[in-house]
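S.K.: here you go, sequence then predicted model.
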Amino acid sequence: MSAVRPTADPVAFKDNARLVLADPVLRRGFRGAMDYLADKRAAQFPEQDAFERLRTLGEHLRKRALSRLPDLLEQLEQALQARGVQVHWAEDAADANRIFQEIAARHDARMMVKGKSMVSEEIELNHRMQEHGIACVETDMGEYILQLDNDRPSHIIMPAIHKTKEDVAKIFAEHIPGAGYTEDVDELIAIGRVALRDKFRQAKIGVSGVNFMVAETGSLVLVENEGNGRLSTTVPDVHIAITGIEKVIEKLEHVPPLFTLLTRSATGQAVTTYLNVISGPRREGEKDGPREVHLVLLDNGRSQAFAEEPFRATLQCIRCGACMNHCPVYARIGGLSYGTTYPGPIGAIISPHLLGLESTRDLPTASSLCGACGDVCPVGIPIPELLMHLREAGRHHRPALQQRDALKGQGAVRSIPEVLAWKAWRLLYSSGVRYRLFTWIASRLRGLTPAHQGGWTRSRTPLTPAPRSLRERWRTSRTRITTDTRSMQET
């Protein structure tokens, strides 16, 4: 098992990246996993024109929903309440955790079972519930492995992608009573399932995320492969779903194209094993399902991204992870290096709105701007363009429409030497006289420049003058071409 454990702090991004780059096991594992996922996605979109048509539709649907976000959220709340779902609004992580704690206290719940939910990771639900004596058990296999090892997700779709089967074998043998050491993947999955089975029956509360919320019908759509999401939302008496306010869409007919884009972009599957549509608590005469359903709608900086037009496209994301799978930076340093809930290119444009630019100052620059993330995004988010906007905001304070909507930490990357350097550049290049004077002086001081300018010139073969005969040949050729051109013009 790799001893590398990056710090869960985006301020330490550069140190985390150096730590991971020095670990050949992690680098090799991530490179292979990302190539595998990229190939699977490519197989699902063999024709670029077909993908572009579907992506254009997905982008249109997400933009349409965001353009009516306040109205759709109100419509969603009314539709859900009519179906017996209790809707809660949380401004930040503390507010969301308070709602969870109050519901748990009302039902005297000492344990929750939780399906995969990145938003619950965002608010650190497990740790906050533990502070109140409430165990929050992960039931997604990848998340369960990480919880046993006290580790963090490194990918939004495959959270334990940085673990090898040998790692998992050691974790299970150490933390699951009666589990022997085995590296057989099927046996490991069986051990995990047996350990979790009783948890579903014992828990009073089940927690899940939400992939899409349909305002028209008041439906919560949950996409998964393992069945743990269905168990978490049907076996316990109380189901609490949590998601960001941006996940709302207008109509039920908008789900299929977005579902197609999500599954094919995320795991290279035409469809997932389960597509759950939740429309309220157990009704009279039904034999299963929760007796009480709650939905927690989390803001936590999303309204700030919505308020500023350049950043609104950030909220189009459907959390497929395709941008990570194709990012050359993410493939080399992994998700843990970012120190945030959402790593990779999408995390670099989301995290500043959740945490502020001061603590995430290095994330917008953790990109080569190769454009691969924008090319594969299934809903057309211009990620490279948004990264440039955030880089600009890090150096210059940009006034918002309202003070409460301002992006936190603007100007955090501003450097006095850099400011002075650009002012000097502007002063020099804005005047022809100053520019000519500068070049005249610089040409006469070239002897003072170092022979090697940093590591760049030392690692490359220096240019050498061409042989005299070649130079003379070139001059002769240039003279002949000039003479021929003049003759043609005179003719």
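M.R.: Looks like it came in fine.
S.K.: neighbours around the residue lying closest to residue 175 once chain neighbours are set aside, how many?
M.R.: Leaving aside its sequence neighbours, residue 175 sits nearest to residue 148 (CB to CB, 6 or more residues apart in numbering; 4.3 Å). All C-beta spots, glycine's among them, are computed from the backbone N, C-alpha and C. Residue 148 has 17 neighbours, counted by other CB atoms under 10 Å.
S.K.: quick one: the helices in the stretch 151-300 of the chain?
M.R.: Along the stretch 151-300 of the chain, counting by DSSP state H, counting those that start in this stretch, helices occupy 165-175, 185-202, 228-234, 255-266.
S.K.: who wins for proximity to residue 67 among those?
M.R.: Nearest of the helices of the stretch 151-300 of the chain to residue 67, taken as CB to CB: helix 255-266 at 16.0 Å.
S.K.: report the buried residues of the closest one.
M.R.: For helix 255-266, burial by neighbour count (16 or more other CB atoms under 10 Å) applies to 255, 257-266.
S.K.: may I see the buried residues of stretch 33-46?
M.R.: Applying a neighbour-count criterion of 16+ other CB under 10 Å, the buried positions in stretch 33-46 are 33-34, 37-38, 40-41, 44-45.
S.K.: how far off centre is that stretch?
M.R.: Remark: stretch 33-46 is offset 18 Å from the chain centroid, using CA atoms, centre = their mean, to the nearest Å.
S.K.: swap in stretch 289-305?
M.R.: In terms of CA atoms, centre = their mean, the centre of stretch 289-305 is found 19 Å from the chain centre.
S.K.: same question for stretch 431-439.
M.R.: 47 Å.
S.K.: can I get that stretch in CSV, CA atoms only?
M.R.: Written as CSV, here are the backbone C-alpha positions of stretch 431-439 (Å, rounded to 0.1, in the frame of the first residue of the first chain):
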residue,chain,number,x,y,z
SER,A,431,6.0,55.4,-26.3
GLY,A,432,8.0,54.9,-29.5
VAL,A,433,10.8,57.1,-28.1
ARG,A,434,11.1,55.1,-24.9
TYR,A,435,10.9,51.8,-26.7
ARG,A,436,13.7,52.7,-29.2
LEU,A,437,15.9,54.1,-26.3
PHE,A,438,15.4,50.8,-24.4
THR,A,439,16.3,48.6,-27.4
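S.K.: which among the buried residues of helix 255-266 gets closest to residue 326?
M.R.: Nearest to residue 326 out of those is residue 265 (CB to CB; 10.1 Å).
S.K.: quick one: contacts for that closest one?
M.R.: Residues near residue 265 by CB atoms under 8 Å, 6 or more residues apart in numbering: 41, 44, 320-322, 376, 378.
S.K.: those residues, buried ones only, as a ChimeraX selection?
M.R.: Provided next is the ChimeraX selection string for whichever of the contacts of residue 265 are buried by 16+ other CB under 10 Å:
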select :41,44,320,321,322,376,378
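S.K.: closest to residue 89 out of the contacts of residue 265?
M.R.: The closest of these, once distances to residue 89 are taken by CB to CB, is residue 320, at 26.5 Å.
S.K.: which residue ranges of the stretch 201-350 of the chain form strands?
M.R.: For the stretch 201-350 of the chain, the strands defined by DSSP state E, counting those that start in this stretch occupy 205-208, 212-214, 219-224, 238-244, 248-249, 274-278, 292-298.
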